[in-house]
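Novice: sequence and computational prediction follow.
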Amino acid sequence: MPMTIGLQRLLSPYCTISSEVNIDRMTLDSHKVLQSTLFVALQGALFDGRKFIDQAIKAGAVAVLCETKHQSSHGHQALKEGVLVIKIHQLPRILSALAYRFYFSSTLLHKVIAVTGTNGKTTITSLLANSLMLCGIQSAQMGTIGNGLFGKLVESINTTLDSISVFEALDTYQTQRCQYTIMEVSSHGLMQDRVRAVPFYSAIFTNLTRDHLDYHGDMKAYEAAKKKLFQEFALTHRIINADDEIGFGWLSDFPDAISYGYNRNNKIKTQRYLQITQVSYHVKGICFSFSSSWGNGEISAPFYGDFNVSNLAGVLTQLLVEGMEIKKCERIFKKLDVVAGRMEQYLFEKERLTFIVDYAHTPDALEKTLQALQRHHPAGRLICIFGCGGDRDKGKRAEMANVAEKNADQVVLVDDNPRTESPAQIMDDILLGFKAPEKVKKIHDRRQAVMEQLFDPHRGDIVLLAGKGHERYQIIGREKIEYSDRDLLAQLQFEHQ
């Protein structure tokens with residue numbers, strides 16, 4: 001729990017203040033200000049926190065840190081209605097360190113494991129937390145599908161929380177006696193210094209494929225953002241997917257890294273590894289054999305596809321690093337839960353139809369998901385229902401079309417989160433990537449697209465409903481409208497029993 005701390009002590013590495021003020025809370029949100037709160041006013045992309053200083057003071061803020069873009073103004077102090085307002089240069093860069101000092105100035109933080117990459121972050125984070133809990137080790141997770149103890153998640157707006165909220169959450173998990181927190185770390189979070197001061201114990205890299213180029217500009221910048229986690233943090237363990245081209249290159253950059261996957265880095269003989277040797281696919285899931293620096297074994301788990309073999313191998317590597325016995329890992333992997341919105345299966349027995357809900361929203365993720373389903377393919381067709389988000393990377397739209405056309409028997413375009421873009425224009429952009437666009441169905445409403453498949457006369461089909469995954473909303477314009485692929489299919493399943 002955070003103690004009351006003197007503002008002078010909190011800010012001592014960065015500036016000296018003229019009068020002492022005690023605080024027992026920090027926040028970026030003026031609506032969350034209570035008595036004895038330090039309000040932090042950042043100049044964000046959408047909101048300028050400085051406009052809410054008066055509101056924060058009225059609510060009880062005892063001090064304000066105000067971002068300034070001018071180095072000459074750093075440390076400038078003034079009173080506003082009796083409340084000390086301090087200008088801080090590069091405040092976003094040091095905010096993580098301030099939050100760490102506030103919440104953990106006298107307490108040793110439990111182990112925090114970072115998971116980064118384009119795809120697989122949520123699955124690895126959830127399965128690692130799940131595995132630890134099955135072993136009786138209290139664990140929390142933070143990321144796309146929510147934050148909290150495993151199985152008790154609270155919905156999250158962003159994959160990686162803001163600098164203060166990250167440590168506030170970690171403090172909560174500490175009081176709940178967590179021994180581990182597994183955190184998805186996004187490229188945005190790394191570039192915006194949201195986790196700059198988190199003393200990560202270990203980091204897992206999954207892969208790097210096209211995404212977020214609207215923010216990063218190109219793949220080199222995107223890679224550099226991810227690599228910051230492995231270059232700039234004092235990690236005890238660096239665990240890297242050797243099957244990813246970028247990851248394989250990083251293994252030579254980090255001689256102490258641990259590799260996992262089908263490949264191995266034979267250049268560094270002492271590098272620890274987990275190598276997948278054989279995989280089989282069956283109705284209830286997957287099975288793979290492996291050799292490793294810790295011994296050999298065989299894993300069975302209730303999941304589909306090669307990418308989940310990779311995800312499970314990443315989880316297994318971290319557990320082996322922690323000293324868990326292979327036989328114990330083999331037992332608990334059979335008991336793992338399916339991750340919300342990740343290859344979730346909804347079976348309609350009368351119709352002999354299977355819907356799969358998955359968050360796949362990048363070309364690489366969509367391709368791997370479709371190829372995974374092909375391995376478990378029944379006598380019927382493989383149908384892909386997907387769309388693309390508005391106000392995001394437009395370059396991937398045609399790429400996703402190409403992937404869907406190559407790997408599915410039929411494609412249906414629907415709306416994802418159109419945001420402020422025209423849904424019709426988004427579909428037109430996607431259609432440019434098809435060689436035979438006349439064969440593609442266009443149904444904006446996701447519910448209608450599902451119903452049409454449900455009452456299609458074909459039998460034995462697998463229908464992938466991609467893009468939304470765990471999400472319980474659609475963003476149309478600037479409004480969030482309640483909607484969930486999972487809830488819709490669960491309700492239809494109940495009605496068709």
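Specialist: Looks like it came in fine.

Novice: and this structure, what are its domain boundaries?
Specialist: Following automatic domain parsing, one finds the domains of the chain at 5-92, 108-333, 344-495.

Novice: distance between the ends of the longest one?
Specialist: Across domain 108-333, the straight-line distance between its terminal residues is 31 Å, by C-alpha to C-alpha, to the nearest Å.

Novice: just to revisit the earlier point, let me have the domains of the chain in CSV, adding mean pLDDT and mean neighbour count as columns.
Specialist: C-beta coordinates here come from the backbone N, C-alpha and C atoms, glycine included. Formatted as CSV, the domains of the chain follow (pLDDT from 0 to 100; neighbours: other C-beta atoms under 10 Å):
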stretch, mean pLDDT, mean neighbour count
domain 5-92, 92, 17
domain 108-333, 93, 20
domain 344-495, 93, 18
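
Novice: closest one to residue 101 among these?
Specialist: Nearest of those to residue 101, taken as C-beta to C-beta: domain 5-92 at 5.8 Å.

Novice: end to end on the closest one, go ahead and measure it.
Specialist: End to end - C-alpha to C-alpha - domain 5-92 spans 21 Å.

Novice: how far does the host helix or strand of residue 402 sit from the chain's center?
Specialist: Assigned by DSSP states H and E, residue 402 belongs to helix 395-407. Taking C-alpha atoms, centre = their mean, to the nearest Å, the mean C-alpha location of helix 395-407 is offset from the chain mean by 23 Å.

Novice: can you list contacts of that helix?
Specialist: By C-beta atoms under 8 Å, 6 or more residues apart in numbering, the residues outside helix 395-407 that reach it are 210-211, 213, 362-363, 366-367, 370-371, 374, 382, 384, 386, 388, 411, 426, 429-436, 440.

Novice: partner strands of the helix or strand that it is followed by, with direction?
Specialist: Downstream of helix 395-407, the first helix or strand assigned by DSSP H and E is strand 410-413. Strands that pair with strand 410-413, judged by DSSP bridges, come out as strand 382-386 (parallel), strand 441-442 (parallel).

Novice: longest strand in the protein, please.
Specialist: Longest strand in the chain, counting residues (DSSP state E): strand 273-282.

Novice: against which helices or strands is that strand packed?
Specialist: Judged by 3 or more C-beta pairs under 8 Å, 6 or more residues apart in numbering; DSSP states H and E, strand 273-282 is in contact with strand 258-261, strand 285-292, helix 306-321.

Novice: and the angle from that strand to helix 306-321?
Specialist: Inter-element angle recorded for strand 273-282 and helix 306-321: 140 degrees (by axes from the mean of the first three to the mean of the last three C-alpha atoms, to 10 degrees).

Novice: got the contact list for strand 273-282?
Specialist: 242, 258-265, 286-294, 304, 306, 309, 313, 316-317, 320, 375-376.

Novice: before we move on, the earlier item: would you format the domains of the chain as a markdown table with distance to residue 102 included?
Specialist: Converted to a markdown table, those look like this (distance: least, C-beta to C-beta, whole Å):
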| stretch | distance to residue 102 |
| --- | --- |
| domain 5-92 | 6 |
| domain 108-333 | 7 |
| domain 344-495 | 31 |
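
Novice: which among those is found nearest to residue 99?
Specialist: Per C-beta to C-beta, nearest to residue 99 of these: domain 108-333, 4.2 Å.

Novice: pull the CA atoms of stretch 421-431 into PDB?
Specialist: Output of stretch 421-431 as PDB, limited to C-alpha atoms (Å, rounded to 0.1, in the frame of the first residue of the first chain):
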ATOM      1  CA  GLU A 421     -14.300   6.400 -41.200                       C
ATOM      2  CA  SER A 422     -17.100   5.400 -43.600                       C
ATOM      3  CA  PRO A 423     -17.700   1.600 -43.200                       C
ATOM      4  CA  ALA A 424     -18.400   1.400 -47.000                       C
ATOM      5  CA  GLN A 425     -15.100   3.000 -47.800                       C
ATOM      6  CA  ILE A 426     -13.300   0.600 -45.400                       C
ATOM      7  CA  MET A 427     -14.900  -2.300 -47.300                       C
ATOM      8  CA  ASP A 428     -13.900  -0.800 -50.600                       C
ATOM      9  CA  ASP A 429     -10.300  -0.600 -49.400                       C
ATOM     10  CA  ILE A 430     -10.400  -4.300 -48.400                       C
ATOM     11  CA  LEU A 431     -11.900  -5.400 -51.700                       C
END
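
Novice: now it, how far from the centre of its chain.
Specialist: 26 Å.

Novice: for residue 409, see how far away the closest residue to residue 361 other than its chain neighbours is.
Specialist: Excluding the flanking residues, the one nearest residue 361 by C-beta to C-beta, 6 or more residues apart in numbering is residue 467, at 4.8 Å. Separation of residue 467 from residue 409 (C-beta to C-beta, to the nearest Å): 19 Å.

Novice: again with residue 455
Specialist: 18 Å.

Novice: list the contacts for residue 388?
Specialist: With C-beta under 8 Å, 6+ apart, residue 388 has these contacts: 361, 396-397, 400, 416, 426, 429-430, 467.

Novice: all good on my end, thank you.
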